[in-house]
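Asker: got a sequence here, can you build the structure:
(4 chains)
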4 protein chains.
Amino acid sequence: MSKVLIVYATDYDHTKVCAEALARGVESTGGTAIVKDAGDATGEDIEAADALVLGSPVHMGSPDWKIKQFIDQQCSGLWMKNAGIGKVGAVFGTGSGFGSAGGGIELTLLALLNNLAELGMVLVPLPKNTENYADGGLQWGPYARVHSKDTMEPLEVSEVQLGIMTAHGANIARVADAVAGQALFKP
Amino acid sequence: MSKVLIVYATDYDHTKVCAEALARGVESTGGTAIVKDAGDATGEDIEAADALVLGSPVHMGSPDWKIKQFIDQQCSGLWMKNAGIGKVGAVFGTGSGFGSAGGGIELTLLALLNNLAELGMVLVPLPKNTENYADGGLQWGPYARVHSKDTMEPLEVSEVQLGIMTAHGANIARVADAVAGQALFKP
Amino acid sequence: MSKVLIVYATDYDHTKVCAEALARGVESTGGTAIVKDAGDATGEDIEAADALVLGSPVHMGSPDWKIKQFIDQQCSGLWMKNAGIGKVGAVFGTGSGFGSAGGGIELTLLALLNNLAELGMVLVPLPKNTENYADGGLQWGPYARVHSKDTMEPLEVSEVQLGIMTAHGANIARVADAVAGQALFKP
Amino acid sequence: MSKVLIVYATDYDHTKVCAEALARGVESTGGTAIVKDAGDATGEDIEAADALVLGSPVHMGSPDWKIKQFIDQQCSGLWMKNAGIGKVGAVFGTGSGFGSAGGGIELTLLALLNNLAELGMVLVPLPKNTENYADGGLQWGPYARVHSKDTMEPLEVSEVQLGIMTAHGANIARVADAVAGQALFKP
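Answerer: Residues are numbered from 1 along each chain as shown, chains lettered A, B, ... in the order given. Predicted coordinates for the structure are as follows:
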């Protein structure tokens, strides 16, 4: 079964809790999930996995600098040697979401997806038939809003949001099972 | 005072109603607003204005084809002859917003802004201190969600949302007043 | 073997020629390619295929209005009924590319990918080890520049560019073979 | 006259050299330019300026982690207290540009612009009539490719590219002169 590496940056553990919910989805399919903080994950961890999932809070419309540091210092090495090509990639996010439209989550997820596309990974969206999609975020991946809309008080990640993260993890593992070991991209 | 052209595409008049609210904001500053459906607006209309504002519903994560047709057929001619350079540009949107993060409004607004940037226009964001920003959309421009989150029943554009559109219109007119007639971009 | 639908908009046949080169890649794997102009393709065509590939010229930083009309009128119906979920999606583009950085091709390809992500499709990038990647475009998909950099005279799509399109078509067909018939996304 | 703060991240001094060329453009209008490495610039520096310009190399399709750290740690504080609203913002970039379409520069510049839009800044594009625009990058801002297309050998930033950076700096200063001290965005 597939081996899925989930790398996150976090300030208040919201994104970490989401990463752990994704891992439960991977495991529900019989796959193996490795969950690592962006400061601890390495290029070797990616090479050993069938899929890479990146999660970040939204900060000023783009990913947290700590996951960008992981991308610049660890992922770019794989890019140089073509070591990510044909693996599976996916993303998720959290945020305070000030405003009524995600507060920049779309470009945040696309920044993470851009790294995965450059690595040559097959990308897994969040399909519209996911249970509770109305609370699910975006087609690019799930998003947990963790502040109250009107008071901006912090919230915990809800059970519904965690359920969507888990569904996403299971989807990613199934795609990884389908493509692992296939020679998809012949040079 | 400034002359602001507001061009919209609409299916159910939501985006049209928002365009009219923007026009009231322009007029509140003493400026003149011209509101046109995308099928009726021309390159000459843009040339005669100090600012161009584009509004669209979100369809599958990008603007309505009817405003894209206006861009391809009318705006591209201005691009060829450098006739938009130094004017002011801004955007707004509407949508059903399925999911919890705007349903693709960010890339929709960026597609419209990309046209305005190619025309060489100074771009006006929606600042965070706008009254009722929590219902306001995004930093790129206001967004009116016009479907209920859980039932997806259609909604009217709310008074609060219209107020944000009006504030955006006034902002755009003030920026146009500040830069009109200045030689900002010397070749 | 997989059945791949390739839908394009074109003004001067550059994008059509690229679509045909992609089709040859699909066929090289034993798959079936159907190539259709955006004005002729239907939702039924997509439902009958394992993969959907969209191609467009860049116009003012986003796709040609004619392929956007196809998306709004044909793809959105599939979205309503979840009929695209678990298929495979990919994109390509052409353009005059004025400037030194693609002239807006990145947001153009992302607008097309956004539609495919909303449909719930697994997305195929262009990997860096593709032969002649230096002329290949972007990680999101291949791009053929069809105007001279300095004179802006029109060019034919080069053999090298067509070869990259063909490689992309073969990649897409192989991914479609790997995932077709799998229950990747369980509601 | 206007005071323009230029903040850059750099690995091999390419982006620093571009920042200095922008500064010369600011000074050519009679304005004052302050050039700072992302590790040294502070929120107070932004508050003291009329305009903020951000420059970064492209790394895996998004900005260098060091400028993202500046954004997360310094710019977000201004966002909290609305201290950037009504200032002027602009961007520029450098990169190896592998492929034929900027190698991710468009999303890189948009990530930087997203921060500036969230701060409530009026945004300055690179107009098409800029001298040598064919080597100039994108409508969002200038881009200096600093590696050979075919060999990927490193290059110096060319005189033509530096000239475009200087023209951009002068444009930014003129926009800042036009809007400084105006009450553009009334809450």
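
Asker: roughly how far apart are residue A:81 and residue D:85?
Answerer: Distance, residue A:81 to residue D:85, by CB to CB, to the nearest Å: 45 Å. Where C-beta positions appear, they are placed from N, C-alpha and C, glycine not excepted.

Asker: of the two, who's got more company?
Answerer: For residue A:81 versus residue D:85, neighbours defined as other CB atoms under 10 Å in any protein chain shown are more numerous around residue D:85 (20 against 12).

Asker: doesn't the more buried one belong to a helix?
Answerer: No: applying DSSP: H, G, I helix; E, B strand; the rest coil, one finds residue D:85 to be coil, outside a helix.

Asker: measure residue A:38 to chain B for me?
Answerer: 22 Å (CB to the nearest CB, to the nearest Å).

Asker: that residue contacts residue A:63, correct?
Answerer: No: if you go by CB atoms under 8 Å, residue A:38 and residue A:63 don't touch, sitting 9.4 Å apart.

Asker: any shared contact partners between the two?
Answerer: Contact criterion CB atoms under 8 Å, 6 or more residues apart in numbering or on different chains; residues shared by residue A:38 and residue A:63: residue A:9.

Asker: neighbour count: these two, which is higher?
Answerer: More crowded of residue A:38 and residue A:63, by other CB under 10 Å: residue A:63, with 32 against 24.

Asker: need phi/psi at that one.
Answerer: The phi/psi pair for residue A:63 (degrees, to the nearest 10) reads phi -70, psi 160.

Asker: name the nearest residue to residue A:57, sequence neighbours excluded.
Answerer: residue A:94 (4.9 Å; CB to CB, 6 or more residues apart in numbering or on different chains).

Asker: scratch that, residue A:179
Answerer: Here the residue nearest residue A:179, using CB to CB, 6+ apart, is residue C:178, at 4.8 Å.

Asker: and the residue nearest to residue A:57, how close does it get to residue D:69?
Answerer: Counting by CB to CB, the gap from residue A:94 to residue D:69 is 19 Å.

Asker: out of the two, which sits in the busier spot?
Answerer: Between residue A:94 and residue D:69, counting by other CB under 10 Å, residue A:94 is the more crowded of the two (32 against 18).

Asker: could I get the average pLDDT for the biggest helix by length in chain A?
Answerer: Longest helix of chain A, by residue count under DSSP state H: helix A:159-179. The average pLDDT for helix A:159-179 rounds to 98.

Asker: buried stuff in that helix?
Answerer: A:161-179 (16 or more other CB atoms under 10 Å in any protein chain shown).

Asker: output the contacting helices and strands for that helix.
Answerer: Applying 3 or more CB pairs under 8 Å, 6 or more residues apart in numbering or on different chains; DSSP states H and E, one finds that helix A:159-179 makes contact with strand A:3-8, helix A:14-28, strand A:51-59, strand A:88-95, strand A:141-145, helix C:159-179.

Asker: chain center to that helix, what's the gap?
Answerer: Relative to its chain's centre, helix A:159-179 lies at 10 Å (CA atoms, centre = their mean, to the nearest Å).

Asker: same question for stretch A:6-13.
Answerer: The answer for stretch A:6-13 is 10 Å, by CA atoms, centre = their mean.

Asker: briefly note if it comes near chain D.
Answerer: No: using CB under 8 Å from any CB of the partner chain, stretch A:6-13 never reaches chain D; the gap is at least 9.5 Å.

Asker: ok, residues contacting that stretch?
Answerer: If you take CB under 8 Å, 6+ apart as the criterion, stretch A:6-13 is touched by A:15-16, A:18-19, A:22-23, A:26, A:33-38, A:41, A:45, A:52-57, A:63-64, A:66-67, A:70, A:146, A:154, A:169.

Asker: any idea how far apart the tips of it sit?
Answerer: End-to-end distance for stretch A:6-13, by CA to CA, to the nearest Å: 14 Å.

Asker: give the buried residues for it.
Answerer: Neighbour-count burial for stretch A:6-13 [16+ other CB under 10 Å]: A:6, A:7, A:8, A:9, A:10.

Asker: before I go, just wanted to say thanks for your time.
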